[in-house]
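S.K.: one predicted model, sequence on top.
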Amino acid sequence: MTSLSELRFFTTPEHECSYLPEEQAVTLFVDPMATIDTSTYSSLSSAGFRRSGSHIYRPYCAACSACIPVRVPVNEFVDKRRHKRVMKRNQDIRVHPRPPQLRDEYFELYERYINERHADGDMYPADLKQFESFLVNGRDEATFYEFRDVQNTLMAVAVADKLLDGLSAIYTFFEPNDRSRSLGVYAILWLIHEARGLGLNHLYLGYWIKECQKMNYKTEYKPIELYIKDQWVSIPN
């Protein structure tokens, strides 16, 4: 175990921002050689850090503070009418928790999702090694939640880490050709209810960037909390 006060951090050189092309980004990484237990990882998440594969990081840009960590206080969240409609459309879905693993079925769905929904992003084209390093290799807190329909077809996979105070939604990929179900919305709603059922307080949703249209969906789940100037600020309904 390594306490927060003992951790070492490293910064990357400036590089092109993945979300705001006109900006240069710097990333702060936790020492990859440090032993990070669940308690320390939870404290880092509460301080605005995220995980990608085995790396724990947060933006560290001197001239930009656009990346704002967000989390949903799950015990205060109430499904809106639009959310109830999504839940009803997916009432045939069954969710199965699985350990992270590399399976053809997972990668085929991930590949379709990236290639059809994110062809303009830096994860395109989907790559098997990138999938493995990003989602399969990581931490013991991670779970692959399989979303399957009544025909047992894999419709979505939500990857989430169980922290001491909440679930951290690492990534969700889903069937890109089935737009009627709103699978991305359903996965978040399911994780909110799952966190509540586990007796946890939050669902961490990563970073929200006001100027990035792809991030706008994260503020649809109010009340929501934003991490601003080292403290969580509640945004009510």
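M.R.: It's in. Numbering: from 1, shown residues only.
S.K.: correct me if wrong: Pro100 contacts Phe144.
M.R.: Yes - counting by C-beta atoms under 8 Å, Pro100 does reach Phe144; the two are 5.3 Å apart. For glycine as for every other residue, the C-beta is placed from the backbone atoms N, C-alpha and C.
S.K.: pull up the overlap in contacts between those two.
M.R.: 135, 159 (C-beta atoms under 8 Å, 6 or more residues apart in numbering).
S.K.: hmm, who's touching the lowest-mean-pLDDT helix or strand in the chain?
M.R.: When each helix and strand of the chain is scored by mean pLDDT, DSSP states H and E, strand 15-16 comes last, with a mean of 90. Outside strand 15-16, the residues within contact range by C-beta under 8 Å, 6+ apart are 24-27.
S.K.: show me what whichever helix or strand comes after that strand is packed against.
M.R.: Next helix or strand after strand 15-16 toward the C-terminus (DSSP states H and E): strand 24-25. When contacts are defined as 3 or more C-beta pairs under 8 Å, 6 or more residues apart in numbering; DSSP states H and E, strand 24-25 sits against strand 15-16.
S.K.: okay, now the sheet partners of the strand it packs on, with direction.
M.R.: When sheet partners are counted by DSSP bridges, strand 15-16 sits next to strand 24-25 (antiparallel).
S.K.: can you give me the strands for the chain?
M.R.: Assigned by DSSP state E, the chain shows strands spanning 9-11, 15-16, 24-25, 27-30, 50-52, 55-59, 68-73, 94-98, 142-148, 154-162, 166-174, 202-208, 224-228, 231-235.
S.K.: give the rounded mean pLDDT of the third one.
M.R.: So that's strand 24-25. For strand 24-25, mean pLDDT rounds to 92.
S.K.: contact partners of it?
M.R.: Strand 24-25 is touched from outside by 14-18, 59, 61, 63-64, with contacts defined as C-beta under 8 Å, 6+ apart.
S.K.: go again using 6 Å as the cut-off
M.R.: Identification of contacts with strand 24-25 by C-beta atoms under 6 Å, 6 or more residues apart in numbering yields 14-15, 17, 61.
S.K.: please tell me how far the residue of the chain positioned farthest from its centre sits from Arg89.
M.R.: In terms of distance from the mean C-alpha position of the chain, Gln151 ranks first, at 27.3 Å (C-alpha atoms, centre = their mean). In this view, Gln151 and Arg89 are 16 Å apart by C-beta to C-beta, to the nearest Å.
S.K.: and Leu226, by the same measure?
M.R.: From Leu226 across to Arg89, the span is 29 Å (C-beta to C-beta).
S.K.: same question, Arg58
M.R.: Arg58 sits 35 Å away from Arg89, going by C-beta to C-beta.
S.K.: the two: which has the busier surroundings?
M.R.: Taking other C-beta atoms under 10 Å, Arg58 and Arg89 do not tie; Arg58 has more neighbours (19 against 15).
S.K.: so what's the more buried one up against?
M.R.: Arg58 neighbours (C-beta under 6 Å, 6+ apart): 28, 48-49.
S.K.: what is the nearest of those residues to His202?
M.R.: Ranked by distance to His202 (C-beta to C-beta), these are led by Gly48 at 12.8 Å.
S.K.: tell me the bridge partners for the residue lying closest to the closest one once chain neighbours are set aside.
M.R.: Among residues not flanking Gly48 along the chain, Pro69 sits closest, at 4.1 Å (C-beta to C-beta, 6 or more residues apart in numbering). Taking DSSP bridges as the rule, Pro69 bridges to Tyr207.
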